[in-house]
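[1] the following block contains a protein sequence and its predicted model.
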Amino acid sequence: MAASLLPVKIFADEATEERAENARLSSFVGAIAVGEMIKTTLGPKGMDKVLQSARGGDIQVTNDGATILKSIPVDNPAAKVLIDISKVQDDEVGDGTTSVCVLGAALLEEAEQLTKQKLHPQTICDGYRRASAVALKALEDVAIDNSGDKIKFKKDLLNIARTTLSSKVLAGDREHFASLAVEAVLRLQGSTELERIQILKKPGGRLPDSYLDNGFLLDKKIATNSPKSVTNAKILIANTPMDTDKVKVFGARFRVDSTGKLAELERAEREKMKAKVNKIKEFGITCFINRQLVYNWPEQLMSEAGIMVIEHADFEGVERLSLVTGGEITSSFDHPEMAKLGECELIEEVMIGEDKLIRFSGPKAGQACSIVLRGATQQLLDEAERSLHDALCVLSQTVRSSRTVLGGGCSESLMANAVDNLARETPGKVSMAIESFAKALRQIPTILADNAGLDSSDLVSRLRAMHHSGGDGVYCGLDLDAGEVRDMREIGVTESYKLKRQVVASAAEAAEMILRVDDILRAAPRKRDRH
């Protein structure tokens, strides 16, 4: 009888379990720590982080939430959930990765206070669900759609691009880069295939020297004896070995009686390659682009036929070219009638800085273009590329889902007001959870003001009063340059409705998932056998 009362061990050695309050506290601590680390990068006055690799010593300087979070190794399960929602935000919209992480952490911080007041996690989840629904409804009600008016819609896109870039390294030149990004996205004509917009980084010059090229640029060189310019080009894009003009049989040996026999082997190889080149000529092409190397003999044969040869276009290069020129990547040449050739008006060699590149002007997919970034250092160019990519992602999503809302903490204050009204009308303990959701939403303008070195208590209380007053007060947000509360319509601080909606929905779902945890089981580490 006494033996049956002893605790029963069901886990393997070194496996651990955290239960109830300990599990919940562990989750809260991990998620809040991630939010505290990332929140200083939020907004136009946010700071940057330096990420240094352990092995090579390579560094990245960035304030992009997704880049920072995916670079840090974490062991806490709740912290991993926040990192995952940041990645989803990056994949879905392209921006708002810091906001979603900070809002998720703020919701959990409020939930921690509620659990200390003996509120059950299910009650908190119920309150958060109700508050989230009301907040999203309030956001939807104020969203504006100007897609019917091209001039107004382009102005909206420019405002969104400026707002997105204002928190990036490109903030000082946001007017220039906003116009580049909008022009590039409008060329896509509603498509979200950002592969058609190529971003090339060339060290040298200054950031304002960056420009949009209407053609497609390939960072390769034309073969030595090939024509340097081709008009109305017919392009064959291939992925085939063109280097068999030498005997290359790995793991085999040739024994010959004389050098004449060796010459015969090499001649046979050359004839084989000549036959392959003749098959390629039958396609009637003026440009041959190969992913692999093209050796001297086939290059000479093609150049004599007036065919431009571009070799070693890496896989990303040939994939983009296939998309842009309308051609298909070919590996066999027995059926020319079945091959789909690419087309463009002009192929020529151009100089950018000290480098030679190949420009494809007037490609079949007329939406294609290239943005050439110039800058002092490689780290600056890398961060500029990430910033511009975020803006392009948000703009391409806005072209498809064209509703917009106001930024600068305006949307968060508006949603918080709607949630406050719900809390006043809701009886019972659930109202405390709903009120906490509103407090978490107001953390966004508070952090924006703190990062700008302003008095957040004063500014957020004034912003709250303006929104409660109604009328034009509901359009007010924080002007961090002037350090005051202003109408966001006047200064053009606009954000994508889809982005804001995704931030609130993802943060609420992640917080609810973490709140439901009451047990953390950690598997025993796998032991390595020593031989």
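    Nice, I can see it.

[2] residues near residue 113, how many?
    By other C-beta atoms under 10 Å, the residues close to residue 113 number 13. C-beta coordinates here come from the backbone N, C-alpha and C atoms, glycine included.

[3] correct me, but it touches residue 436?
    Yes - counting by C-beta atoms under 8 Å, residue 113 touches residue 436, with 7.2 Å between them.

[4] by mean pLDDT, flag the weakest helix or strand of this protein.
    Each helix and strand of the chain was given a mean pLDDT (mean pLDDT, DSSP states H and E); the minimum falls on strand 16-19 at a mean of 64.

[5] give the next helix or strand downstream of that strand.
    Counting by DSSP states H and E, the element after strand 16-19 in chain order, helix or strand, is helix 20-38.

[6] what is that following helix packed up against?
    Taking 3 or more C-beta pairs under 8 Å, 6 or more residues apart in numbering; DSSP states H and E as contact, the helices and strands that helix 20-38 lies on are helix 65-71, helix 77-92, helix 97-116, helix 497-515, strand 519-522.

[7] how about the first one: buried residues?
    Looking back up the chat, that one is helix 65-71. By neighbour count on 16 or more other C-beta atoms under 10 Å, the buried set for helix 65-71 is 65-69.

[8] pull the distance from that helix to the chain's centre.
    11 Å (C-alpha atoms, centre = their mean, to the nearest Å).

[9] can I get the CA coordinates of that helix in CSV?
    The C-alpha trace of helix 65-71 is given here as CSV (Å, rounded to 0.1, in the frame of the first residue of the first chain):
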residue,chain,number,x,y,z
GLY,A,65,12.4,43.1,-37.0
ALA,A,66,12.3,39.9,-39.1
THR,A,67,16.0,40.1,-39.9
ILE,A,68,16.9,40.6,-36.2
LEU,A,69,14.6,37.9,-34.8
LYS,A,70,15.6,35.2,-37.3
SER,A,71,19.3,35.8,-36.5
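
[10] wait, residue 386 sits on residue 67?
    Yes - here residue 386 lies in contact with residue 67, judged by C-beta under 8 Å, at a distance of 6.2 Å.

[11] show me the shaky parts of the stretch 251-400 of the chain.
    Per-residue confidence of the stretch 251-400 of the chain (counting by pLDDT under 70) places the weak regions at 251-254, 365-366.

[12] let's go with 80 and repeat that
    251-266, 268-269, 314-318, 353-354, 364-368 (pLDDT under 80).

[13] what about the strands in it?
    Read by DSSP state E, counting those that start in this stretch, the stretch 251-400 of the chain holds these strands, from start to end of the chain: 287-290, 308-310, 329-330, 342-352, 355-363, 369-375.

[14] so which of the ones you listed comes closest to residue 85?
    Closest of the strands of the stretch 251-400 of the chain to residue 85 is strand 369-375, at 29.2 Å (criterion: C-beta to C-beta).

[15] the nearest residue to residue 34 once chain neighbours are set aside: neighbour count?
    Residue nearest to residue 34 in three dimensions, not counting chain neighbours: residue 79, with 4.6 Å by C-beta to C-beta, 6 or more residues apart in numbering. Counted by other C-beta under 10 Å, the residues lying close to residue 79 total 24.

[16] touching, residue 79 and residue 28? I think so.
    No - with contact defined as C-beta under 8 Å, residue 79 does not reach residue 28; the gap is 10.6 Å.

[17] what number of residues lie near residue 225?
    12.

[18] that one reaches residue 297, doesn't it?
    No - using C-beta under 8 Å, residue 225 and residue 297 do not qualify as a contacting pair, with a distance of 11.8 Å.

[19] re earlier: what sits against the residue nearest to residue 34?
    If a contact means C-beta atoms under 8 Å, 6 or more residues apart in numbering, then residue 79 has 30-31, 33-34 as its contacts.

[20] and residue 456, by the same measure?
    Neighbours of residue 456 in contact, by C-beta under 8 Å, 6+ apart: 445-447, 449-450.

[21] just those residues now: which is nearest residue 219?
    Out of those, the one with the shortest distance to residue 219 is residue 447. That distance is 40.1 Å, counting by C-beta to C-beta.

[22] mind checking how far that closest one is from residue 406?
    If you measure residue 447 against residue 406 using C-beta to C-beta, to the nearest Å, the figure is 18 Å.

[23] could you do residue 131 as well?
    According to C-beta to C-beta, residue 131 stands 21 Å off from residue 406.

[24] which residue ranges of the stretch 351-500 of the chain form helices?
    With DSSP state H, counting those that start in this stretch as the definition, the stretch 351-500 of the chain shows helices at residue ranges 378-400, 410-425, 430-451, 456-469, 488-491, 497-515.

[25] what's the closest of those to residue 338?
    Ranking the helices of the stretch 351-500 of the chain by proximity to residue 338 (C-beta to C-beta) places helix 378-400 first, at 33.8 Å.

[26] could I get the buried residue list for that closest one?
    379-399.

[27] coming back round to it: who's more crowded, residue 131 and residue 406?
    Summary of the neighbour comparison: residue 131 and residue 406, criterion other C-beta under 10 Å, with residue 131 having more neighbours (31 against 27).

[28] name the nearest residue to the more buried one, sequence neighbours excluded.
    Nearest in space to residue 131, with sequence neighbours left out and distances taken as C-beta to C-beta, 6+ apart, is residue 437 at 3.6 Å.

[29] stretch 85-95 - what's its average pLDDT?
    Along stretch 85-95, the predicted confidence averages to a pLDDT of 86.

[30] who touches it?
    65-66, 69-70, 96-98, 100-101, 104, 164, 389-394, 396-397, 496, 498-499, 502-503, 506-507, 509-510.

[31] if we use 6 Å, what do you get?
    Among residues not part of stretch 85-95, those counted as contacts by C-beta atoms under 6 Å, 6 or more residues apart in numbering are 65-66, 69, 96-97, 100-101, 164, 390, 393-394, 397, 499, 502, 506, 510.

[32] closest to residue 339 out of those?
    Comparing every one of those with residue 339 (C-beta to C-beta), the shortest separation belongs to residue 393, at 34.2 Å.

[33] how much space between the spatially closest residue to the closest one that is not a sequence neighbour and residue 181?
    Excluding the flanking residues, the one nearest residue 393 by C-beta to C-beta, 6+ apart is residue 94, at 2.2 Å. Residue 94 is 11 Å from residue 181, where distance means C-beta to C-beta.

[34] those two: who's more crowded?
    Remark: of residue 94 and residue 181, residue 181 carries more neighbours, 32 against 22, as counted by other C-beta under 10 Å.

[35] tell me the most buried of the strands of the stretch 251-400 of the chain?
    Ranked by mean neighbour count under mean count of other C-beta atoms under 10 Å, those are led by strand 287-290, which reaches a mean of 26.
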